[in-house]
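# Give me the fold of what follows.
(chains A, B and C)
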Amino acid sequence: MNYTSTINIPQFREDLITWFEKEQRSLPWRENRDPYRVWVSEIMLQQTKVDTVIPYFKNFIDHFPTLSALANANEQEVLKAWEGLGYYSRARNLQTAVKEVVEQYDAKVPDDPRQLGDLKGVGPYTKGAILSIAYGIPEPAVDGNVMRVLSRILRIEEDIAKPKTRKTFEAAVRDLISSENPSAFNQGLMELGALICTPKSPSCLLCPVQEHCTAFRDGVEQSLPIKKKKTKQSVHTYFALVVEDDTGKFILEQRPNQGLLAQLWQFPMVKPVEVGEHYIAAYVEEKFDVKVSDMQKLETVKHVFSHLTWFLEVRYIRVKGTLHAADKNMVLVTKEEMTPYPLPVSHQNIYKQLP
DNA sequence: AAAGCGGGGTT
DNA sequence: AACCCAGCTTT
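This next block holds a predicted model:
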């Protein structure tokens, strides 16, 4: 006995695929089945809405139209194309993996599940998505949408926050998937989750597979999927120092190459516990060997991440003399020269306040 | 198994 | 304010 033993599998496949072929949205990564384009789109779509991804995908493909173009690009340029999209390790991992494909697999995206899954940034979902969509191979591609849709259709009440639960859904997809059209089947499940079987108030009356849905039959679709709540997030306050000298140069610093916002650039940040409000000027004078001529408050920037919140108390500081890079991760640039530097959204919001 | 990792939208 | 999202990597 398993979750899929109670539904009419051939009918379910047909209903889902027929609906998908008719109702699917027209999206830039659906223009063809180029494995590279499928790959880029799937990485961008991780934890990210379709509407957000569309302009980034177009711009990215314009800049890096092929595997080789991306492999040969410099990392700064790649991060700049990812600026504002979030989860920046996706971009660095993608380029790492693309270089590997060019070198090890003669610039052809592998269709072998093990080779594909070993690439940096390609996990179980992305592997299955590329195999099924680009190569027509019947592999499961289980994401949040698929877990929501199938938890309702099959009334699976396991906690989808647990890593182990994904395997339950992969087993169900292996039972259900169409070997004739695995691409439309997998995309159909996801499209259904995006358009009909939504997290809140699903449109069950419009659902093409309503007659197969156990949760709808039992009237429990609103309480699925089961997901235990996450831990609360912490709050961090910093001073963000916008330091400008007489020649119109500002200090930017690059974040470490690991951790939050790795390798992105920012206005220097210091903890208030380390540098009290009254000591900001003295700190800047000592750190950069200059004299502060003026300091004013700009608007505090609040930025909410998935797991923590920043409050950036912004100080605009004019100094006499010429700034120099106090550390080797710092650069001196004019406002115009900041353009090539990838900034996180919080610091873009500081940039917008510059005089 | 749990935690870290962005940002935007919905309710 | 809480919850959601076309997840993966590191610990």
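# who's in contact with the residue of chain A found nearest DNA strand C?
Using CB to the nearest atom of the strand, the single residue of chain A nearest to DNA strand C is A:G123, 2.3 Å away. Heads up, the C-betas are built off the backbone N, CA and C, glycines and all. With contact set as CB atoms under 8 Å, 6 or more residues apart in numbering, A:G123 has these partners: A:G117.
# go on, A:H303?
A:T309, A:W310, A:L312, A:P344, A:V345, A:S346, A:N349.
# What about DNA strand C: which of these touch it?
Among the contacts of A:H303, no residue is within reach of DNA strand C (CB under 7 Å from any atom of the strand).
# residue contacts, the nearest residue to A:S41 once chain neighbours are set aside?
Using CB to CB, 6 or more residues apart in numbering and skipping residues adjacent in sequence, the residue nearest A:S41 is A:W29, 3.5 Å away. Contact partners of A:W29, counting by CB under 8 Å, 6+ apart, are A:R37, A:V38, A:V40, A:S41, A:F57.
# helix, strand or coil for the last one?
Think A:F57. helix (DSSP: H, G, I helix; E, B strand; the rest coil).
# That one reaches A:S41, doesn't it?
Yes: here A:F57 reaches A:S41: they are 5.8 Å apart, a contact under CB atoms under 8 Å.
# Compare those two and say which is more crowded by neighbours.
The residue with more neighbours, out of A:F57 and A:S41, is A:S41; 23 against 20, by other CB atoms under 10 Å.
# Does DNA strand B have contacts with the host helix or strand of the more buried one?
Here A:S41 sits within helix A:35-44, counting by DSSP states H and E. No: using CB under 7 Å from any atom of the strand, helix A:35-44 stays clear of DNA strand B, coming no nearer than 8.9 Å.
# ok, residues contacting that helix?
A:27-29, A:31, A:53, A:56-57, A:60-61, A:66-67, A:85, A:90, A:93-94, A:98, A:108-109, A:121-122, A:125-126, A:129-130, A:133-135.
# State whether A:S293 and A:G321 are indeed in contact, as I suppose.
No: assessed by CB under 8 Å, A:S293 is found out of contact with A:G321, at 9.4 Å.
# Going toward the C-terminus from the element among helices and strands of chain A having the smallest mean pLDDT, what's the next helix or strand?
In chain A, no helix or strand scores lower on mean pLDDT, DSSP states H and E than strand A:301-304, which sits at a mean of 88. The C-terminal neighbour of strand A:301-304 among helices and strands, as given by DSSP H and E, is strand A:308-320.
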